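K.L.:
Prediction below, plus the sequence it came from.
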Amino acid sequence: MIPNLIPDPEPEGELRKFGLMRKSYLENHRRGIYSGLLLSGELKKHLLMIQEQAEERFDLLVEQMAKREGVTEQLKAQDQMLWVRRINNIRTRAEEIVREEIIYIL
């Protein structure tokens, strides 16, 4: 059987924050995995999959933390600056969890 030398087209989708974070992590800390994915043509597919998982987890964490900590639309209406500080704090913590659970794993 003759091998297919024409690579599959790259998957559709734009790499955003978490996909780019994963790419950087692989490039800098997991060169073998990065090279293998790149050579096999699976890198973008992998990055998009990780990105989707990370974004879903991030959104869920932000929603859960905000609910638990009382960061609501009512607070936003009453004291917008307090709401901004608290939601930014929640987003920072959620991003750190996502980095540890999804981005920086093998």
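P.N.:
Done, it's in.
K.L.:
What average pLDDT does stretch 48-57 get?
P.N.:
Throughout stretch 48-57, pLDDT has a mean value of 98.
K.L.:
CA atoms only: put it into CSV for me.
P.N.:
The C-alpha coordinates for stretch 48-57 follow below in CSV (Å, rounded to 0.1, in the frame of the first residue of the first chain):
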residue,chain,number,x,y,z
LEU,A,48,-7.6,23.3,20.0
MET,A,49,-8.8,20.3,22.1
ILE,A,50,-6.8,21.6,25.2
GLN,A,51,-8.1,25.1,24.6
GLU,A,52,-11.7,23.9,24.5
GLN,A,53,-11.3,21.9,27.7
ALA,A,54,-9.5,24.8,29.4
GLU,A,55,-12.1,27.4,28.4
GLU,A,56,-15.0,25.2,29.6
ARG,A,57,-13.3,24.5,32.9
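K.L.:
Any chance you could list what contacts that stretch?
P.N.:
11, 13, 15-16, 18-19, 21-22, 97-98, 101-103 (C-beta atoms under 8 Å, 6 or more residues apart in numbering). In short, each C-beta sits where N, CA and C put it, glycine included.
K.L.:
Could you identify which of these has the most neighbours?
P.N.:
residue 22 (27 neighbours; other C-beta atoms under 10 Å).
K.L.:
My guess is it contacts residue 99. True?
P.N.:
No. Between residue 22 and residue 99 no contact is recorded; they are 9.5 Å apart, counting by C-beta atoms under 8 Å.
K.L.:
out of everything not next to it in sequence, what's closest to the residue sitting nearest the centre point of the chain?
P.N.:
What sits nearest the mean C-alpha location of the chain, by C-alpha atoms, centre = their mean, is residue 18, with 3.0 Å. By the measure of C-beta to C-beta, 6 or more residues apart in numbering, the closest residue to residue 18 outside its immediate chain neighbours is residue 54, 3.7 Å from it.
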